[in-house]
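**Q** task: produce atomic coordinates for the following.
(chains A and B)
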Protein chains: 2
Amino acid sequence: MEIRSSYSSLATTLRSRRQRLAQKITFPVILWSGSPHPRNFPANTFPFRASSHFLYFAGLPLENAAIFLDGERLELFIDEAAAESALWHGETPKREEIAEIIGADAAFPLSELPTRATGAATIALPNPTTYQEQTQILNRAVAPSHTPEGIDRDLAQAIASVRFCHDAGAISELRQAAAVTIEAHKAGMAAAKTAQREAGVRGAMEEVIIAHNLTCAYPSIVTVHGEVLHNGQYHHPLQPGDLLLADVGAETAMGWAADVTRTFPTTGEFSSTQRDVYDLVLAAHDACIDKIHPNVEYRDLHLLAAEVIAQGLVDLGILRGQAADLVATDAHALFFPHGIGHLLGLDVHDMEDLGDLAGYQEGRERSDRFGLGFLRLDRPLQEGMLVTIEPGFYQVPAILADPELRSKYQHVVNWDKLAQFSDVRGIRIEDDVLVTATGGEVLTAGLPTDAEAIEELVKSGGKY
Amino acid sequence: MEIRSSYSSLATTLRSRRQRLAQKITFPVILWSGSPHPRNFPANTFPFRASSHFLYFAGLPLENAAIFLDGERLELFIDEAAAESALWHGETPKREEIAEIIGADAAFPLSELPTRATGAATIALPNPTTYQEQTQILNRAVAPSHTPEGIDRDLAQAIASVRFCHDAGAISELRQAAAVTIEAHKAGMAAAKTAQREAGVRGAMEEVIIAHNLTCAYPSIVTVHGEVLHNGQYHHPLQPGDLLLADVGAETAMGWAADVTRTFPTTGEFSSTQRDVYDLVLAAHDACIDKIHPNVEYRDLHLLAAEVIAQGLVDLGILRGQAADLVATDAHALFFPHGIGHLLGLDVHDMEDLGDLAGYQEGRERSDRFGLGFLRLDRPLQEGMLVTIEPGFYQVPAILADPELRSKYQHVVNWDKLAQFSDVRGIRIEDDVLVTATGGEVLTAGLPTDAEAIEELVKSGGKY
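**A** Numbering: from 1, shown residues only, chains lettered A, B, ... in the order given. The predicted structure is shown next:
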C-alpha cells in the first residue's frame, strides 16, 4: 500500500466525515470494502476497487475489510496477511499500523465483526460474495443499494447528504485526478495524427494514467462513432474527416475520479460543418458553466443547454421554430438525448449505486419526457458539489431512424439540411466544475475547449 | 463485437473441438460465459472476460450467454439486446448472426436453457451471480470448479485433455498474443532510461497492448523489487543500479494469453554481480528449453533448472557442495522458490480454475518439499502443449530471514559471499514454448534474452 504524503491529514479528514455523519443518524454503521473479483480464474483477479462508501469513511482501499462507525468512534476489522503470503506479496502493513493511519479507535480481526452487528445499518455492495457476508453478519435481509429499506435507507440518505459537498481532502484528490486526466487528453490529441486506429489514441491516453500510477475511473470511450453514447469499441481506423470523441478520466489511488470529454478532428482540421456544430455545443457548455452558482437548479442548466443547442440548430437551419418551443416539445433531444451531467466524486456518477436517492431531491423523480428522462441530477447546487457539464450533439441512428420520432418531428427538422452535416456523427464537450461560494471553478480548465486550440494540440503531433 | 477475419474458420475450429470432446464423454454439457463484474457501482463494470471453458467451445466473448453441447451439436442461448440499448451501445449482432459465426445448430433465448438441463454437466464459474444461475438451472448442487464432482468432474477431465494440446486456431491466437507482448517488452526497456518510477515503464508497456486493442492477460508485475514474486506495486522510483523485473503479457480478443518476463538494468548496464546471476538464470532457462520434447517430464525440467541454478551458485561461491545434493535437500529453493512454469493457453495458468486436475497427471499430487511444492505442472509434455519456462533468482526476506531455514542451511550458504550480491534482489527470465514433434518452439523468441542485447534495448531509449 502506498500512503501518499499529501494525505497525511487522512485521520483528521476521516474524523470530520464521521462527525458530519453522526449528526444525521442515531444508529451504528458497518461498511464493507469488498473483495477482488476473479477475472477468468480465482487467482487472476481484476484490480481491487473498494466500495466508495467504505473509501469515504476509511480512506484506504483495504481488501476484505469492514469499519464500524458509532458516533465519532471508528473501529477497523481486517485480518492480518497469512505468514506465507510474504513470499508472493511481500510485507504488508499490520492491522495496528493501518488503524493508526486512518485514526481508528480500535482494530480487530474480521471474526469479531458479528459482535457489532446488532442494530447496525449498512449499504449493500454489488459484489455478491460481500453481499452474502453482509446479510449473514447482520443476520437480516439487506435490500440492494438502489432500493434501501429501513435504517439502511436512512443511512443512505445521511451518507448522500455528507458526500454531496466535498471537503478539502476530497478536493485535493479530485484536483489530482483532473490534472492527470488533462495530460491524458493532451497525449491523446497528440497521438491522433499517427495512430491508425481508435485503440492507438486510447493507448496514448491510458499510458499517461498508468504512468502516474492511477487507474481509469470508468471504461474509456475513444471512438470515431461518438453517436454510440457508451461506445466500448476501439478497432475502427482513423480516417481523414473523422471526429474522434474521447471520454476518459483518471481515478486516484484513494478512488476519486475525473470525467472529461473532448472531440477533435483526427487530422487537426475541423470541416466547416463540424466546426459549426462544435461551436454550438461549446456555446451550450460555456453558458451552463457561467450559470453555476449555489442554489441554481441543475435541471435549469440542462434546459439552458437544450435551449442553446436548439437555437444553434435553428441558426444552422437544421431545426425550425422558436428555441423555447423546441425544448418544450423535446425536439432538442433528437440530437442531445442525454442529461447535461451528473455528480462526480468517488464514483464517476457519484452515488449512483443508490439509484436516484442521491441524484434526485426528495420528492422529485425522473421525468418520462424524451428530453428529460436521462437527467441524472435534479437538485439545487450547493457549495462543494462537483458536477460535470457535458452537452453534446449526436446523430444517433436509433433515434433519427425511429419511425415514431421521425413522424412526430417531421416538420421540425430540415432533413435535407441535416444531410449536409453527415460528417458530424457525435460531439461532446465535458468538464468537471466545482461549485464555489461565488460560482463555479472548472477543475479541468487546463484542457482547452476552443476549436483552434484543440486543432493546435492535434497538429502538434506528440510535441505537446 | 469485432470479428477478426483471420478467424473466419472459427466454426470449423469449434466443430473440431466439439468432436474431440464428444469422444470422451457420454452426457450433454452446458457452459456459461458469465457476466461483467461491477467495479464500484453496477453500471460501471470491469471489462468483460468470458469463462475460458466457454471461450474454448464458443469462440466469442459473449456476455450472459450459454452453450449446450451434445455430441457434435452446438446450441447457443443468449438474449437479444433490448431496443433502448441501441442509444447507448449501438447496434449489436443478432442472435442468429452470432449463431452462424460460431456454427451453432440452433439458437434460443436464455429462458429456453432449462429445457436442456436434464443430465447436463458443467464447470462452475467463480462469478457468484453466474454460479447461482448454474445451480438454479441445473436444479442441483454444483461443486466449485477446483473440486468438481460426478459428471462435472468427468467433464473437467475431458475438457482438460482436449485443452492441453492447442489446435491451429489457438496457436494463431497465441502467436498474436506473443507478438504484441514482445513489442510491449521492447517498449518497456526503451522507456526505462527516462521513466522516473516503475509506473512509467508499466505505462509504456501496457500502451502497446492497449494500442493493439488487446488486454493484459494478468496484473502486470513491473518492479524493482522482484524479490516480491507477485508484486502489485508500481510507485517505487527507478534508481541507478536497480534491476527492473517486468512480467507482462497480452491477451487476444478471444482470450488467448502470453506470459513473458524480462529483467534488465534501468540504466542499461548490469553490474558484475547482476550479470553473473543473470547469466546463470539464463543458463537454466536455455537448458530447460533445449530439453523440451514430447514425453519429457515437465518435473524433470524443473529439477534441471534447480540443478543448473545450484551449480551456478556454487561456482559463484554462494552455495557450498554438490549441485545434485543441494537440489536433493532443496537448497536451491532458498533462491528459486517457485516452479519452473505452467501451462499457458486461455488462462495464464491454463485451467488453474480446476485446481491441480489439469496440472497434475492422475495419481500424482503436489509435493510438500520446499523445492517442489510450488510446481504447477507435473505431466509428460505432449505435442501442442504450450508451457512457460521461467527460472529465477530472488533474495526473498521472508525466506532468507526465516530462522528455521537459516538454521537448516547455515553451512550450505556462504552468507558473506551472498552479501556481496545485495544488488540482485530478483531476476526472472520467462518465455512461452510450444511443444512440437521435434522439440520446442519459443513463441516469444523475438524478444532477446542475452544480457548484451537487453542492455542495448535499454540504452536505445525509445528508438527500438
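**Q** assign a three-state SS to residue A:247, would you?
**A** Put simply, residue A:247 is strand when judged by DSSP: H, G, I helix; E, B strand; the rest coil.
**Q** tally of neighbours for it?
**A** Counted with other CB atoms under 10 Å in any protein chain shown, the neighbours of residue A:247 add up to 24. C-betas here are computed from N, CA, C, even on glycine.
**Q** residue A:132 now?
**A** 13.
**Q** ok, residue A:324 next?
**A** As a measure of burial, residue A:324 has 13 neighbours, counting by other CB under 10 Å.
**Q** ok, and for the strand or helix carrying it, which residues are buried?
**A** Assigned by DSSP states H and E, residue A:324 belongs to helix A:323-328. Within helix A:323-328, the residues scored as buried using 16 or more other CB atoms under 10 Å in any protein chain shown are A:323, A:326-328.
**Q** where's the lengthiest helix in chain A relative to the chain centroid, distance-wise?
**A** Ranked by residue count and defined by DSSP state H, the top helix of chain A is helix A:168-191. With CA atoms, centre = their mean, to the nearest Å as the basis, helix A:168-191 stands 13 Å off its chain's centre.
**Q** now do the buried residues in it.
**A** Here helix A:168-191 shows A:169-191 as buried, counting by 16+ other CB under 10 Å.
**Q** try stretch A:50-68
**A** Residues of stretch A:50-68 classed as buried by neighbour count (16+ other CB under 10 Å): A:50-62, A:64-68.
**Q** again with stretch A:38-50
**A** Buried residues in stretch A:38-50, counting neighbours by 16+ other CB under 10 Å, are found at A:38-41, A:44-46, A:48-50.
**Q** intersect the residues you listed with the contacts of chain B.
**A** Checking the buried residues of stretch A:38-50 against chain B by CB under 8 Å from any CB of the partner chain, the ones in range are A:38-41, A:44-46, A:49-50.
**Q** write out the residues of the stretch 201-350 of chain A neighbouring chain B.
**A** Residues of the stretch 201-350 of chain A lying near chain B (CB under 8 Å from any CB): A:202-204, A:206-213, A:218-219, A:225, A:227-235, A:255, A:337, A:346-349.
**Q** mind giving me the PyMOL select for those, buried ones only?
**A** Applying 16+ other CB under 10 Å to these leaves a buried subset, and the PyMOL line that selects it is:
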select buried, chain A and resi 202+203+204+206+207+208+209+210+211+212+213+218+219+225+227+228+229+230+231+233+234+255+337+346+347+348+349
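**Q** can I see the domain layout of chain A?
**A** Domain ranges of chain A: A:5-163, A:168-460, per automatic domain parsing.
**Q** would you tell me which one of those domains is buried the most?
**A** Of all the domains of chain A, domain A:168-460 carries the top mean neighbour count, a mean of 20, counting by mean count of other CB atoms under 10 Å in any protein chain shown.
**Q** now do it: distance from first to last residue.
**A** 36 Å (CA to CA, to the nearest Å).
**Q** is any part of stretch A:98-110 close to chain B?
**A** No. Stretch A:98-110 is not in contact with chain B by CB under 8 Å from any CB; minimum separation 16.0 Å.
**Q** what's that stretch in contact with?
**A** For stretch A:98-110, contacts defined as CB atoms under 8 Å, 6 or more residues apart in numbering or on different chains pick out A:3, A:10-12, A:14-15, A:58-60, A:62, A:64-67, A:73-80, A:93, A:95-96.
**Q** and for stretch A:62-79?
**A** Here stretch A:62-79 has contacts from A:14-15, A:18-19, A:21-22, A:28-36, A:48, A:50, A:54, A:57-58, A:95, A:98-99, A:102-110, A:112-113, A:116, A:120, using CB under 8 Å, 6+ apart.
**Q** can you show me the CA trace of it as PDB?
**A** Presented in PDB, the C-alpha positions along stretch A:62-79 are these (Å, rounded to 0.1, in the frame of the first residue of the first chain):
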ATOM      1  CA  LEU A  62      -8.200  -2.200   2.000                       C
ATOM      2  CA  GLU A  63      -9.300  -5.600   0.700                       C
ATOM      3  CA  ASN A  64     -11.700  -7.700   2.700                       C
ATOM      4  CA  ALA A  65     -12.100  -5.100   5.500                       C
ATOM      5  CA  ALA A  66     -15.000  -3.500   7.300                       C
ATOM      6  CA  ILE A  67     -15.400  -0.500   9.500                       C
ATOM      7  CA  PHE A  68     -17.800   0.100  12.400                       C
ATOM      8  CA  LEU A  69     -18.900   3.700  13.000                       C
ATOM      9  CA  ASP A  70     -20.700   4.700  16.100                       C
ATOM     10  CA  GLY A  71     -21.000   8.400  16.700                       C
ATOM     11  CA  GLU A  72     -17.400   9.600  16.200                       C
ATOM     12  CA  ARG A  73     -16.000   6.200  17.000                       C
ATOM     13  CA  LEU A  74     -14.200   4.200  14.300                       C
ATOM     14  CA  GLU A  75     -13.300   0.600  14.500                       C
ATOM     15  CA  LEU A  76     -11.400  -1.300  11.900                       C
ATOM     16  CA  PHE A  77     -12.000  -5.000  11.100                       C
ATOM     17  CA  ILE A  78      -9.400  -6.800   9.000                       C
ATOM     18  CA  ASP A  79      -7.400  -9.900   9.100                       C
END
